[in-house]
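Participant: sequence? don't have it. structure:
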C-alpha cells in the first residue's frame, strides 16, 4: 500500500498550496475529501473524487481498504493534525503510512491577524462538540479562539458569555481566513447583533468579566454557589481536600459514586481537558441536576449514570480513581469499586455517619492507606459578637491499589 498523502488546504484553495502539495494531488489516483475541499481542485487533479460520507470516522477503514492498491490523497482543512482527519488516519495506518503536508491552520491565521502569540492563546473547538465546553476556559484577561461549527456559532457563543457574566468580552469573528474573501465582525458579547456570516469562521474572545460575575478559579474548591444543589453537595473546603487526595492527571478516568450534585466529578474534569469522569447517582432528579451543573461549569462531557451502586457500575470503563461520596454501607459497594480499580489507582471515600465511619475503620485496619478527619468551622454572628459554627466533621479514607492484584497499600 502506498503511503497516503494527507494534504492540508486553506480557503485560498489551489493557489495557496506548496509545490509538494500540488504534486501529491496531481499524482493521486483517488482524491478523498469534503465536497467543499474537492471543489477547490483544478481539472489537472485527475484522480477519482470521493466525498466523505456521514458519519465520517466509521467510514475511514472501509475507504482506505477499497482503494489500498491505488495512490490516495486525502484533503484536510488547514493542518490535518490539528483537530483534523490526520488523527483518524494515523490511528488506522500509523505514522509510517502517512505523508502529511500541512497548511497553516485557521488558528495560525487568526493569531497572525490579531497579533496574538499563538503559544499564549487557548483554542477550544466547537465543531461537533457542545458550546458549553467553552465555559471552563472563561477567565478574566484570557484570550480564546473558538473554532466554529457553522455560521450560527458566534451568536451562540455571545449568549453563553453573557449568561456566564462575561458579557463585556470583546468578540471578533474572522471568516474565510487566508482567502481573498476574508471578512471580520467586531463587538461585545452582551451587545452582539451581527447577522450570521460565512460558516467558515473563528471566534476570537478577549475575556472580560462583569463586576458581579462569580469568580471560578482553576484549582479545586469552586464556590458552593457555583452549583445547583438540594443540600447534597461536598462543600468547598472538603471538596478541595478531596480532589487533592484524588490527584487528577491528564487522561485519567474517575468514578464518582453517589454523585449528589456532581461537584467532585466536575472539578476532576476541569483539572485538565482530557480528564474523564462518570458520575453515578441513583436519584433521577439529582442525576439531571448533575448534567445541568456539568454544562454550566464547562464539562458537558461528564457521563451521568442513573441507578444504584454497585449494580450500575458494570461496563463503565476501568477507573484510574474512585470517589465514594454516598452509599458506603450498600452491600458489596466497596468491594466492587476496589475490584474495578486498575493497579496503581486511588480510592477515596468520605462519610459523616458513624456506621460508614466504622466500615472505613475496618478497611483501614485491614488494608492500610490513610484515615483522616476533616473539620471546618465558619465564623457566624453570635448576638453582637462573632463565633465559630462547626460543620459536621468528615472522615476520609484514601488508599492506593498495589500493582499486586488484590493488595492494598
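Facilitator: Received the coordinates, thanks. Note that the structure is a prediction, hence the values are computed from the model and not measured. Numbers count the residues shown, from 1 in each chain.

Participant: Between the two ends of stretch 78-97, how far is it?
Facilitator: 20 Å (Cα to Cα, to the nearest Å).

Participant: residues of that stretch that come out buried?
Facilitator: By 16 or more other Cβ atoms under 10 Å, the buried positions in stretch 78-97 come out as 78-86, 88-90, 92-93. To be clear about C-beta, it is placed using only N, CA and C from the backbone, and glycine gets the same treatment.

Participant: Likewise for stretch 64-80?
Facilitator: Result for stretch 64-80 [16+ other Cβ under 10 Å]: buried residues 64, 67, 71-80.

Participant: for that stretch, what is the average pLDDT?
Facilitator: Mean pLDDT, computed over stretch 64-80, is 93.

Participant: Number the chain from 55, please
Facilitator: Got it, first residue is 55 now, which makes that one stretch 118-134.

Participant: from the chain's centre, how far out does stretch 134-143 sit?
Facilitator: Stretch 134-143 sits 18 Å away from the centroid of its parent chain (Cα atoms, centre = their mean, to the nearest Å).

Participant: swap in stretch 398-410?
Facilitator: The answer for stretch 398-410 is 27 Å, by Cα atoms, centre = their mean.

Participant: again with stretch 332-343
Facilitator: 20 Å.

Participant: Could you list the residues in contact with that stretch?
Facilitator: When contacts are defined by Cβ atoms under 8 Å, 6 or more residues apart in numbering, stretch 332-343 is touched by residues 282-284, 286, 307-316, 319, 344, 356-363, 366-367, 370-371, 373, 381.

Participant: Where helices are concerned, which of these count?
Facilitator: 319, 344 (DSSP state H).

Participant: now the contacts of stretch 332-343: which count as buried?
Facilitator: 283, 286, 307-316, 319, 344, 356-360, 363, 366-367, 373, 381.

Participant: The residue positioned nearest the centre of the chain and residue 280, how far apart?
Facilitator: Centroid-nearest residue in the chain: residue 327, 4.3 Å away (criterion: Cα atoms, centre = their mean). Distance of residue 327 to residue 280, given as Cβ to Cβ, to the nearest Å: 19 Å.

Participant: tell me which of the buried residues of stretch 118-134 is nearest to residue 76?
Facilitator: Using Cβ to Cβ, residue 127 comes nearest to residue 76 of those, at 10.6 Å.

Participant: Now do the contacts for residue 207.
Facilitator: Going by Cβ under 8 Å, 6+ apart, residue 207 touches 180, 185, 200, 255, 257.

Participant: quick one: which two of these are the most distant?
Facilitator: Taking Cβ to Cβ as the measure, the contacts of residue 207 span a maximum distance of 13.9 Å, between 185 and 255.

Participant: quick one: which of those two has more around it?
Facilitator: residue 255 (25 against 19; other Cβ atoms under 10 Å).

Participant: pretty sure that one contacts residue 202?
Facilitator: Yes: with contact defined as Cβ atoms under 8 Å, residue 255 reaches residue 202; the gap is 4.8 Å.

Participant: what do these two both touch?
Facilitator: Shared contacts of residue 255 and residue 202, counting by Cβ under 8 Å, 6+ apart, come down to 208, 227.

Participant: Turn the contacts of residue 207 into TSV, columns for distance to residue 102 and secondary structure.
Facilitator: Below are the contacts of residue 207 laid out as TSV (distance: Cβ to Cβ, whole Å; DSSP: H, G, I helix; E, B strand; the rest coil):
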residue	distance to residue 102	secondary structure
180	33	coil
185	37	helix
200	36	strand
255	31	strand
257	37	strand
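
Participant: What is the helix or strand that contains residue 443 packed up against?
Facilitator: Element membership of residue 443 [criterion: DSSP states H and E] is strand 439-444. Counting contacts by 3 or more Cβ pairs under 8 Å, 6 or more residues apart in numbering; DSSP states H and E, strand 439-444 packs against strand 431-436.

Participant: Run the chain-centre distance for the strand it packs on.
Facilitator: 38 Å.

Participant: cool, and stretch 70-90?
Facilitator: Counting by Cα atoms, centre = their mean, stretch 70-90 comes out at 33 Å from the chain centroid.

Participant: Would you mark the buried spots in that stretch?
Facilitator: 70-71, 75-76, 78-79, 82, 84-87.

Participant: Residue 78 touches residue 155, doesn't it?
Facilitator: Yes: at 6.2 Å, residue 78 counts as touching residue 155 under the criterion of Cβ under 8 Å.

Participant: hey, what's in contact with both of those two?
Facilitator: 59, 61.

Participant: Now do the one helix or strand residue 427 maps to, average pLDDT.
Facilitator: If you go by DSSP H and E, residue 427 is part of strand 424-428. The average pLDDT within strand 424-428 is 96.

Participant: shaky segments in the stretch 205-354 of the chain?
Facilitator: Applying pLDDT under 70 to the stretch 205-354 of the chain picks out no residues at all.

Participant: show me where it has helices.
Facilitator: Secondary structure of the stretch 205-354 of the chain (DSSP state H, counting those that start in this stretch): helices located at 207-217, 290-300, 317-324, 338-350.

Participant: With respect to residue 270, which of the ones you listed lies nearest?
Facilitator: That would be helix 317-324 among the helices of the stretch 205-354 of the chain, by Cβ to Cβ, at 8.6 Å.
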